[in-house]
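> how does the following fold in three dimensions:
(2 chains)
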Amino acid sequence: AQSVAQPEDQVNVAEGNPLTVKCTYSVSGNPYLFWYVQYPNRGLQFLLKYITGDNLVKGSYGFEAEFNKSQTSFHLKKPSALVSDSALYFCAVRAPSGNTPLVFGKGTRLSVIA
Amino acid sequence: EPEVTQTPSHQVTQMGQEVILRCVPISNHLYFYWYRQILGQKVEFLVSFYNNEISEKSEIFDDQFSVERPDGSNFTLKIRSTKLEDSAMYFCASTKIKDTEAFFGQGTRLTVV
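Numbering: from 1, shown residues only, chains lettered A, B, ... in the order given. Alright, predicted model coming up:
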């Protein structure tokens, strides 16, 4: 069965500094990996995905993530954080076969301080 | 931009009552899902639906839950006899094909009192 670990409940970063939100996964076969963001009282918004191809994927709002197969990681990064990036971030994985559902991590709350 | 819509945004119900949560997935999507998020906890998969039948369900999705696609546009989640622990945010999602990202609705906050 697939699983996702987000080891940090909370990440604090100063505005303008780079940010990293960590994610590791476990899945049989090649993973489909996703990052979603949730703002207060809102649904989940898709940020980016890795299906195949380049290990570095770029997504919405200047975010990017790097797929590292040997470390089974898919960390979310942004070179320069904005206060408006403050939100709850979820990493998710899906197995490549069949209509398997997304399995989410527990989420990491990002707080960007001005 | 097309989006998944859910109604109502907030539902309060008494324990033991039946509730129906409604979703309109994106029109050309083929796969439909329900997830829930208990306050402060992770997002949990409930059920997936394809070709007018359940394709996968979690252990949470027991006999009190059912899903239906009664017409070409709506996708509903019914909880037959609600319990206090059913209080959560319920999200509907859809995907065009299985390899693409899921699009989520804004959620229905269900409060069972």
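> tell me the buried residues in stretch B:77-97?
B:77, B:79, B:82, B:86-95 (16 or more other C-beta atoms under 10 Å in any protein chain shown). Every residue, glycine included, has its C-beta placed from N, CA and C.
> hmm, I typed the wrong one, I wanted stretch B:8-20.
Per 16+ other C-beta under 10 Å, stretch B:8-20 contains these buried residues: B:11, B:13, B:19.
> now do stretch A:64-79
Result for stretch A:64-79 [16+ other C-beta under 10 Å]: buried residues A:64-67, A:72-76, A:78.
> which one of those residues sits closest to chain B?
Checking the buried residues of stretch A:64-79 against chain B by C-beta to the nearest C-beta gives A:A65 as the nearest, at 13.0 Å.
> next up, the contacts around A:V37.
A:44-45, A:47, A:87-90 (C-beta atoms under 8 Å, 6 or more residues apart in numbering or on different chains).
> how far away is it from chain B?
11 Å (C-beta to the nearest C-beta, to the nearest Å).
> following the helix or strand hosting that residue in sequence, what is the next regular element?
Assigned by DSSP states H and E, A:V37 belongs to strand A:32-38. Remark: after strand A:32-38, the chain's next helix or strand is strand A:44-50, criterion DSSP H and E.
> A:F104 contacts B:K42, correct?
Yes. The pair A:F104 / B:K42 is scored as a contact, 5.5 Å apart, by C-beta atoms under 8 Å.
> coming back round to it: restrict the contacts of A:V37 to contacts with chain B.
Filtering the contacts of A:V37 for neighbours of chain B using C-beta under 8 Å from any C-beta of the partner chain leaves A:44-45, A:90.
> from these, which is closest to chain B?
A:L44 (4.2 Å).
> for stretch A:12-29, buried residues please.
A:13, A:19, A:21-25, A:27.
> any weak-confidence spans in chain B?
B:98-99 (pLDDT under 70).
> quick one: residues contacting B:G105.
Here B:G105 is in contact with A:43, B:3-6, B:23, B:91-93 (C-beta under 8 Å, 6+ apart).
> mind redoing it with 7 Å?
Going by C-beta atoms under 7 Å, 6 or more residues apart in numbering or on different chains, B:G105 touches A:43, B:4-6, B:23, B:91-92.
> and if you look at A:V57?
A:48-50, A:64-65.
> farthest pair within the buried residues of stretch A:64-79?
A:T72 and A:K78 (21.7 Å; C-beta to C-beta).
> mind checking how far the closest residue to A:Y39 other than its chain neighbours is from chain B?
Once flanking residues are discounted, A:Y39 sits nearest to A:A87: 5.0 Å by C-beta to C-beta, 6 or more residues apart in numbering or on different chains. If you measure A:A87 against chain B using C-beta to the nearest C-beta, the figure is 14 Å.
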